[in-house]
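A.B. asks: Let's see this in three dimensions:
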Amino acid sequence: MPSSSGSEQFVDIYFGDLRPDLGGAPNPEMPGYLVDAVGVRLTPNGYRGMPVFADMASAAAIGGATSFWIPAYFEDTASARRCFFALNQADAKIYESQDEGQTWADVTPAAGTAVDVPGVFFTFETDVIYVCYTRAPISRTLSVAVGTDFANLGGSPPIARCGAQVRQHVVLGGLVGVDEYAVQTSAIGNDADWPTPGSADAISKESIRETLPQALGNVRAVLGGEKIGIVMQNYGITRMTYEGGDTVYSFDTFETKVGYGSGARNSTPVSDGKGVWYWYNDNGFYATDGYSVNRLDNAKIEDAVFNNLLSYDSSKTALPIDDCLSAYDPHRHLVIFGNHQSNYQLTYAPAVGSFSFMNETTVSGVFVGLSTTSSSGKTYGPTVFNINDSSRKLQMLSANGAAVTMQTGYIELSPGRRVQLQAAYLIGAGVGSNYTLDYKAAATYQAIDLSSSGFSTLASSNRGMKQTGRGDAPFFAFKVTGTGSEAHLLRGVRVFFTDAGPSI
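C.D. replies: Alright, predicted model coming up:
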C-alpha cells in the first residue's frame, strides 16, 4: 500500500513471476509481475543475476566442424578418471577428454555404421554406453586410458532409439526394425547379455521385451532410476516397477495424453536427482515423478514458450530442431533447457515455480559434470557445462556478466487516480550504477503496450538513491537493464509520486 510523506507518497513494488501471458495489463494481485525476465533467476528472496557460460581454461576445439553435439560426463571413482564425451554430428565421431576440455581424443568405434543423433549416453556399472537409431549400442569401460575406442556392446542387443539403466538392467526402447513401441531389458546385472526374448534363457536371467500401447506412439525416451523406470512415448508415459520372477517388471501407463512430444520441438527430460523429471514439447512444459504429470507453464508462459522456444529460426537450419538437451544445476537448483532455434534458453526454478531466460547465442547442449577450475576462478563440485556451438570448446556456467532485462507489467500506483511520477529506485542489495531504471506511462487500458520500446530513463540524482522522472498517468511500467551478477539481489522498485486527480 502507498505510504505518505507530506504530499509525496511512495509504494514498494516487488518483482513477481514472469507472466508475459498477462500482456502487461494491470493486475492488483501481482502488481510487480514481469513480462520479461532475461539473465536473472528468481530465488525465495528476490532475483539474482544469472551466470554465463565461459570457456574452460586452455580449452581446445572439438572435432573438425561446427555441428550439433550430444555431450555427457561420467566419473570412474575407482581410477579417479573424469571423462567428458561429445558426439559431433558433422563428422559422426565421438570425442573424449579427461582434462576438462584441454585435449580431445577420437574414440569412435573402429568399424560399423556411423553413430548419429539423436542419441543418449548413460552408464551401467563401470561401462559407458551410447544408444542411437543407426546402429546397435556401443560401449567401453570408464577405467581405460583416454582415447580407447568404443566397441559393440556384447550380447547382440537390438538397435534402439533410447536407453537407460533401470535398477540392475539396461533397458532399450524404440527397437528399430523390430518393435518401436517396445522396450527390452538385458539380463539382470549384465549389460552384455541379451537373451532371445521369451526363451528359457531369458526367463532364467530376468530379461523381457514388452510392447506398450501403440496408440500412444513410438517409445522416445527411457528414464532410469534406482526404484522405478519411466518410459515416454509420443503421447503417453508408463511406469515400470521391478517385480522379479517371471514378470520381472510390471508396466502401468498412468498418462495417455501427454508424452515426450510428437512434433519437431522437444527437449530431452532432465532429472533433479530427487525423482522428478522436467521437459518441454510442442505443447508446453511438464514435470513427472513417474506417478502423475504436472503442467508447469499453465497461465504463466505459454506465449513465451511458443515465441522463444518453439519458433523457427532460419539461421539455424543446419541444426536438428528437436531433442534439445537439458541440465539440472544442483547448486542453483535451476533447470536449464538448451534450444537450437533461439538465443533464449528456458530456465525453471522448482523451489519457487518460476521461469526465466538465459540469453546465450552459442548454447548447443548443456549437461552436468564435476569441475575443479574455470576461466573465471575456481569452482568445485557439480556444475553445468556447455559445448560452444561456434568455437566447439567446452564451457562452464561459472562467470557473472549476463545481460539483464526485467520489465514489469503496468502498475496502478494509486487505484482510481492519476499520479505524477517523481522518482524511483531499485530495492535490493549490490544494485549500483551498473543497472538502468526506465519507465513508461499509459493513460488508458487501450494504451497499454507490452513492447520494450517507448521507455524513458530516470535521471540520476546527485543526492541519495532517488532517480527522478516525470509522468502524469494512472498506469506505469518499469524496466531494469544492465550487467548482472549473482552477488546482486534485485527485489523491486520503490516509486515516489504525488496525486494528480481522478482517473477519468
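A.B. asks: contacts, neighbours, all on C-alpha from now
C.D. replies: OK.
A.B. asks: Looks to me like Asp21 is in a helix.
C.D. replies: Yes - checked against DSSP: H, G, I helix; E, B strand; the rest coil, Asp21 lies within a helix.
A.B. asks: For it, grab the count of nearby residues.
C.D. replies: 16 (other C-alpha atoms under 10 Å).
A.B. asks: And the pLDDT for it?
C.D. replies: You'll see Asp21 listed with a pLDDT of 88.
A.B. asks: Was I right to think it contacts Val305?
C.D. replies: No - counting by C-alpha atoms under 8 Å, Asp21 does not reach Val305; the two are 10.3 Å apart.
A.B. asks: Select the longest helix from the protein.
C.D. replies: Scanning the chain for the longest helix, with DSSP state H as the assignment, gives helix 302-308.
A.B. asks: Just the CA coordinates for that helix, please, in CSV.
C.D. replies: What follows is helix 302-308, C-alpha atoms only, in CSV (Å, rounded to 0.1, in the frame of the first residue of the first chain):
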residue,chain,number,x,y,z
GLU,A,302,2.7,-20.3,-22.8
ASP,A,303,3.3,-17.4,-25.1
ALA,A,304,7.0,-17.2,-24.1
VAL,A,305,7.5,-20.9,-24.8
PHE,A,306,5.9,-20.7,-28.2
ASN,A,307,7.5,-17.4,-29.2
ASN,A,308,11.0,-18.2,-27.9
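A.B. asks: how far is the following helix or strand past that helix from where the chain is centred?
C.D. replies: Sequence-wise, the next helix or strand downstream of helix 302-308 (DSSP states H and E) is strand 326-329. A distance of 6 Å separates the centroid of the chain from that of strand 326-329, by C-alpha atoms, centre = their mean, to the nearest Å.
A.B. asks: The helix or strand following strand 326-329 packs against which elements?
C.D. replies: On the C-terminal side of strand 326-329, the nearest following helix or strand under DSSP H and E is strand 334-337. For strand 334-337, the contact count by 3 or more C-alpha pairs under 8 Å, 6 or more residues apart in numbering; DSSP states H and E identifies strand 326-329, strand 344-349 as packing neighbours.
A.B. asks: Pull the residues that contact the first one.
C.D. replies: To tie it back to what came earlier, the one meant is strand 326-329. 267-272, 334-338, 365-368, 382-384 (C-alpha atoms under 8 Å, 6 or more residues apart in numbering).
A.B. asks: rewinding a little: check the helices and strands packed on strand 334-337 for me: which has the lowest mean pLDDT.
C.D. replies: Looking across the helices and strands packed on strand 334-337, the weakest by mean pLDDT turns out to be strand 344-349, at a mean of 88.
A.B. asks: what does it contact?
C.D. replies: 41-43, 308-309, 333-339, 354-361.
A.B. asks: do that again at 6 Å, thanks
C.D. replies: Residues from elsewhere that reach strand 344-349, judged by C-alpha atoms under 6 Å, 6 or more residues apart in numbering: Leu334, Val335, Ile336, Phe337, Gly338, Asn339, Ser354, Phe355, Ser356, Phe357, Met358, Asn359.
A.B. asks: Number of residues surrounding the residue nearest to the first one when sequence neighbours are not counted?
C.D. replies: I take that to be Leu334. In this structure, Leu334 finds its nearest non-sequential neighbour in Ala349, 4.8 Å apart by C-alpha to C-alpha, 6 or more residues apart in numbering. Per other C-alpha under 10 Å, the neighbour tally for Ala349 reads 19.
A.B. asks: Could I get the helices and strands packed on strand 334-337 in a markdown table, plus columns for distance to Gly229?
C.D. replies: Listed next are the helices and strands packed on strand 334-337 as a markdown table, based on distance: least, C-alpha to C-alpha, whole Å:
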| stretch | distance to Gly229 |
| --- | --- |
| strand 326-329 | 19 |
| strand 344-349 | 24 |
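A.B. asks: closest to Leu34 out of the ones you listed?
C.D. replies: Taking C-alpha to C-alpha, strand 344-349 is the member of the helices and strands packed on strand 334-337 nearest to Leu34, at 14.8 Å.
A.B. asks: List the buried residues for the closest one?
C.D. replies: Tyr344, Gln345, Leu346, Thr347, Tyr348, Ala349 (16 or more other C-alpha atoms under 10 Å).
A.B. asks: neighbours around the residue nearest to the fifth one when sequence neighbours are not counted, how many?
C.D. replies: Pointing back at Tyr348 there. Spatial nearest neighbour of Tyr348, chain neighbours left out: Phe355 (4.5 Å); criterion: C-alpha to C-alpha, 6+ apart. Neighbourhood size, Phe355 [other C-alpha under 10 Å]: 25.
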